Structures are given as structure tokens and as C-alpha cells.
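Asker: I need the structure of the sequence given here:
(2 chains)
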Amino acid sequence: MSEPVVWLTIFVLSIFVGIEVISKVSSTLHTPLMSGANAIHGIILLGAVLVTGATDSTVALVVGLVAIVLAAVNMVGGFVVTDRMLQMFTRRKKPAATGPTTGSTTGGSAGGAV
Amino acid sequence: MPTWVQLVYLACAVCFILALKGLSGPRTARTGNLLGAAAAVVAVVVPFLYLDLHHVPLILLAIAVGTVGGVVGARRVQMTQMPQMVALFNGVGGGAAALVALLELKELVPDSGSVGWFTLAATAFTIAVGAISFAGSVVTFAKLQELMTSRPVVFVGLPIVFGAGLVAALVLGVLTVTSPAVWIGVVLGLLGLLLGLLLVLPVGGADVPIVISLLNAFTGLTVAAGGYILQNTLLLVAGTLVGASGTFLTLLMAKAMGRSVANILFGALKGGSTLGAGVASDRPVRSAGPEDVAILLGYADRVIIVPGYGLAVAQAQHTLRELVDVLSGRGTRVDYAIHPVAGRMPGHMNVLLAEAQVPYEQLVEMDEINGEFKHTDVVLVVGANDVVNPAAKTTPGAPIYGMPILNADEAKQVVFMKRSMRPGFAGIENELLFDPKTTLLFGDAKESLGKLLNAVKAL
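Answerer: Okay, here's the model as predicted:
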């Protein structure tokens, strides 16, 4: 298999995986999911480090450093803000789990919440 | 690239897939997110271990600066401002991708004879779309932060300018492949910024979150293309995952609002849109004081509360919860009706109420509660407007036409708590406000709810 075809294969399969993993998401989680996906594309930070670390020109270095700062904001901020949102979803489950109606609100869960 | 590095990147790619999968369910979401973050950290550390990178101190400093900026921003932002924060983070990611591609173009130019055409095309794509994503996200941020009007901004000839810009970008893209030069990349980037502005300016307030999701998918695709240029499989997989899932999520959200993505992006351009004036109407309405509303609520058997963004802005969730407790204590059955796009973004209201620790069992999704309104004595709408606007059913051409709404109009009495007669986020008037069975209680949500609470207690 030629190399471009290998890349194309990875690309096409990733599209299917991307659609598959979020296909059953409830609208309750749309905001955190969008934010989480946002954080993942912050991995462009890796690309920014690679090109900046390989350059010798001053202009390119400056541009690269700017790219690194932007990408790091995207990645770190994205993960932190998503975690903050999700913290709230876990906290509000506690009263439901310890209350008299345990099980009814977590009906779909396999192992029970406590 | 050594084999062990490729294997580490494979593991990181798997972690990203698991992270996205985890985020689709509330039980696994937080673990998934942490797994994704851990994978990202590992992936960024790896090049320092196997490559002889130049400028390492400066690179580390830049990472530190970005990290501090990201953490401070993410910690300070209020939950009500979450959509614009996501937009901003997405924008800087797109900008970073464009800059990376520009630098890579500079590297490719000297030996462009041996570079495949597809690599150059991917470079042009990343520069242009990354810049579009950056500029577009900045505009969505400005709209949501109310630094500019949230209404569509359209000028005569905008479609022509936009079309011409697209053609010019295509020409520059072809030039990048046939005779690559750094200046072409720079011009392409600037053109991308212009296109990003023109793409988002005509989008109206209520549709902005869908555009954020779309731009998020765009940035994902630029990262994927960046992965191809840099021959890095992790970037390719991660970017494609976000591109594909983001596109899918955009379609889901558009469906939840009864809109098509094309209509959202280009609806305002076609003209003839029936957007409201965005100002208060002087038609007569019936308003009442807290005591009157307290009597309505206090002697009702069934009450449904429709919370909206205004409630969260006023930080009145706790007072509302107290009111609900008192009413429940008097034997009234009370539920919260949650519209999927209440707030500024799909799912946003759940986040806001979760922050106020409103009990999970009292939050009822739209499909479950919509049949209940006709058996309901009083609907109390707090700081919401568009999600109960019957225009979504009755007025073809209205910006929200086709969006499923909460059937508040079927209840016996409707009480609106509003600051003023100003229309909601979609910029259109709500006929329900002028309905004879509707009562308005004007004022800040927190103050009004406090007075209402005291009045109910005094009954």
C-alpha cells in the first residue's frame, strides 16, 4: 500500500470513529462535548512545538512562539473549562444517589452510583 | 520517527477517542476529559525526548505563558459566559493551526519540486480555514459578549464580496501548489481572516452557538491537514475526530432548533428575513405585582417553571429553588421544564442549573413535559423568551420558525418575569406576552423572586 493511501485510510476511518463515538450524546451534554472536542484540537500545540523547534530564522521563531502560546491557551484552557462544567454534573448526582429514590434517576447505569 | 514515539502517539490517539466517547455520557464524562488531557500532555512532552529541538527555553516559556492564560481564563469565566469562552479557545486554536501551516510552507518552498502537490494543497487549506476559524470565532465572541450587536450584520453586496473572496482564495490555493511562495501564504491568511468576518457577521444571535460548533469542526479539520503536512499521525487522527464529530454535533444542534446549517449561515443574506426591530413594543400588556402572582402560584395545584438565561444572569437560581421548596411544601406539584437550547448554547441551561444545585429529579426535558402544559395551572417563565415563543409554530419566516418549543401557551395562566419588554436573544417579539391569560412581573429576576417568595410565605 502506498503511503498516501495509508494516510487516506487513517483519515477515513477516523471520520467514522468520530461520528460513531458521539452519535448517542444527549443534548444535556452538548456544551461540555463541544468544549471537550475543542480542547482536543488544541493538540496543534504539538505541531507548533515541532515547527518552532526546527527553525533557525528569527521571524519564523517569533511566529512559532505566538502559535505555541495560542495553541497552549486552546489546549489547557479547553480541558480546564470542560472539567469545570463536568464537575457540576457529578456534584448534582450525589443528592439523587443518597436520596430515597436511589436508582430511579440513574436507571441506565450498570453498576449503581454509590 | 522512532517506533516507540509512533507507538506513544497511537496510545494518545486511542485516549482521545476514549475521551470523546466518555464525554457523550454524564457518568464517564469527567474521566474521559481527564484522560484526553493526560494524553495531550504526554504527546507534547514526547518531541523534547527524542528530537534535538532548538530554542527549548523559549518554547517552554511560550507554553508556560499559554498555560497560565488558558487556566486563568478557564477558571475566571462564569458559567453564563461559557459559549463565548469556547468560541475564543477555538479561535486561538484555529489561529495557531494557520501559523503552523505558514511556517511549514516556508520550509517547503526551497525544495518544493520534491514536495507532493497534496501536501502543498493541505498547507493552503490549513492557512485559509485556520484564519477563517480565528476571525469567525472572534466575531462570535464579540456577539455573545455583547461587544457588538447580536443581530445579523448585512450590507449590500456582501454576497458578492464573499463570493469574490472565495474565488480569490481558491486561486491563491492553486498558486500555492503550482508556484509556492511565502507571500502567497500570507495573503491567503489575510483573505481567510476577511472571509471569517464575512461568514459570521450575518448570523443572528440565537444561531451563533451553532456557528461556534461549525468553526470548531473547521479547526479540527485544519489540525488534521496539519498532521498530514507534518507527517504526524496523532494530529491527523485527533483533528479528524474533532472535525467529524464537530460536524455531526453541528447537524444535531441545528436539528434541535429546527434549522438547516445553510439557512443559519446564509439565511440573512437572502434578505426578506423577518427579524424583529429588537426594541420594546408599546402594545398593551397586563402586568401585576408580586402579591398577585403569589396568589396565582399559591393556590395552583400544578406549576411548571421555565428557566432561561435571564435567570442565570441575575444569579437568581437559589431564590427560585427556595420558592419551589415553599410551593412544594404547600402541596403544589412543581417541575422545571428544560428546553434543549435554553441559555446561550445547547445544553447550557443544564450546566447553569447544575451550578445552582437544583435537584436533578425536578429537571424535565422538553419532550417529556410538553404534554403536561394543558393540565397546568400556572407556567412561570423566568428570564426565558424564545423557547416559549409560539412564533416558532405560527410564523413562517421568523428566525426561530420550526424550532420545537415548550408549549407554555397551553397552560391556564402564564406568568412572565422579565426586566423589560425587550425581545429575547432571537430578536423577535413574543405574541404570548400579549395573550389575555398572560401576566407580566417586571424587574430583576433575583429581586422579583425574593419579593414573590416573601409574598407566598405570607399567604
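Asker: going forward, measure contacts between C-alpha atoms and count neighbours the same way
Answerer: Fine.
Asker: what mean pLDDT does stretch A:29-39 have?
Answerer: The average pLDDT within stretch A:29-39 is 91.
Asker: Return the distance of that stretch from the chain's centre.
Answerer: Computed by Cα atoms, centre = their mean, to the nearest Å, the separation of stretch A:29-39 from the middle of its chain amounts to 7 Å.
Asker: what about stretch B:292-305, start to end distance?
Answerer: 17 Å (Cα to Cα, to the nearest Å).
Asker: actually stretch B:395-412, not the one I typed
Answerer: 23 Å.
Asker: Give me the buried positions along it.
Answerer: Buried residues in stretch B:395-412, counted by 16 or more other Cα atoms under 10 Å in any protein chain shown: B:398-411.
Asker: can you check stretch B:355-372 too?
Answerer: Buried residues in stretch B:355-372 (16+ other Cα under 10 Å): B:355-358, B:360, B:363-366, B:369-370.
Asker: That stretch and chain A, are they touching?
Answerer: Yes - against chain A, stretch B:355-372 shows contacts by Cα under 8 Å from any Cα of the partner chain at B:355, B:357-361.
Asker: can you list the domain ranges for chain B.
Answerer: Each domain of chain B is listed here as a residue range: B:1-76, B:87-270, B:290-458, per automatic domain parsing.
Asker: chain center to the top helix by length along chain A: distance?
Answerer: Ranked by residue count under DSSP state H, the longest helix found in chain A is helix A:3-22. Here the centre of helix A:3-22 is set off from its chain's centre by 17 Å, with Cα atoms, centre = their mean.
Asker: Same question for stretch B:77-88.
Answerer: 8 Å.
Asker: Can I get that stretch in CSV, CA atoms only?
Answerer: Extracted C-alpha coordinates of stretch B:77-88, given in CSV (Å, rounded to 0.1, in the frame of the first residue of the first chain):
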residue,chain,number,x,y,z
VAL,B,77,-15.1,32.6,33.3
GLN,B,78,-18.7,32.5,34.6
MET,B,79,-20.9,29.6,33.6
THR,B,80,-23.2,32.1,31.8
GLN,B,81,-20.2,33.1,29.6
MET,B,82,-19.2,29.6,28.7
PRO,B,83,-20.2,29.8,25.0
GLN,B,84,-18.0,32.8,24.2
MET,B,85,-15.1,31.1,26.1
VAL,B,86,-15.4,28.0,24.0
ALA,B,87,-15.5,30.3,20.9
LEU,B,88,-12.4,32.1,22.0
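Asker: Now tell me what touches it from outside.
Answerer: A:31, A:34-35, A:38, A:78, A:85, B:74, B:137-138, B:140-142, B:144-145, B:209, B:212, B:216, B:309, B:312-313, B:343-345, B:351-352, B:355 (Cα atoms under 8 Å, 6 or more residues apart in numbering or on different chains).
Asker: For it, buried residues please.
Answerer: Residues of stretch B:77-88 classed as buried by neighbour count (16+ other Cα under 10 Å): B:79-80, B:82-88.
Asker: Stretch B:438-447 too?
Answerer: So stretch B:438-447, judged by 16+ other Cα under 10 Å, has buried residues B:438-442, B:444-446.
Asker: could you give the mean pLDDT of it?
Answerer: Mean pLDDT, stretch B:438-447: 90.
Asker: any idea of the pLDDT on the closest residue to residue B:151 other than its chain neighbours?
Answerer: In space, and not counting its chain neighbours, residue B:151 is closest to residue B:204: 4.7 Å by Cα to Cα, 6 or more residues apart in numbering or on different chains. Note for residue B:204: predicted pLDDT of 79.
Asker: Low-confidence ranges, chain A, go.
Answerer: A:90-114 (pLDDT under 70).
Asker: Let's see that with 90 instead.
Answerer: A:1-4, A:22-32, A:85-114 (pLDDT under 90).
Asker: show me where it has helices.
Answerer: Under DSSP H, chain A gives helices at A:3-22, A:30-40, A:44-53, A:58-72, A:78-91, A:93-98.
Asker: now for these, which one comes closest to residue B:386?
Answerer: helix A:30-40 (19.0 Å; Cα to Cα).
Asker: Can you tell me which helices and strands that closest one packs against?
Answerer: Contact here means 3 or more Cα pairs under 8 Å, 6 or more residues apart in numbering or on different chains; DSSP states H and E; on that basis helix A:30-40 packs against helix A:78-91, helix B:3-23, helix B:29-50, helix B:82-108, helix B:208-229, helix B:233-256.
Asker: so that helix versus helix B:3-23, what angle?
Answerer: For helix A:30-40 against helix B:3-23, the angle by axes from the mean of the first three to the mean of the last three Cα atoms, to 10 degrees is 170 degrees.
Asker: Give me the residues contacting helix A:30-40.
Answerer: So helix A:30-40 is contacted by A:74-79, A:81-82, A:85-86, B:16, B:20, B:23-24, B:33, B:36-37, B:40, B:83, B:86, B:89-90, B:213, B:216, B:220, B:238-239, B:242, B:246, B:249, B:345-348 (Cα under 8 Å, 6+ apart).
Asker: chain center to it, what's the gap?
Answerer: With Cα atoms, centre = their mean, you get 6 Å for helix A:30-40.
Asker: residues touching the closest residue to residue B:210 other than its chain neighbours, list them.
Answerer: Spatial nearest neighbour of residue B:210, chain neighbours left out: residue B:250 (5.9 Å); criterion: Cα to Cα, 6+ apart. Each residue near residue B:250 by Cα under 8 Å, 6+ apart is listed here: B:210-211, B:213-214, B:261.
Asker: For residue B:345, see how far away residue B:250 is.
Answerer: 11 Å.
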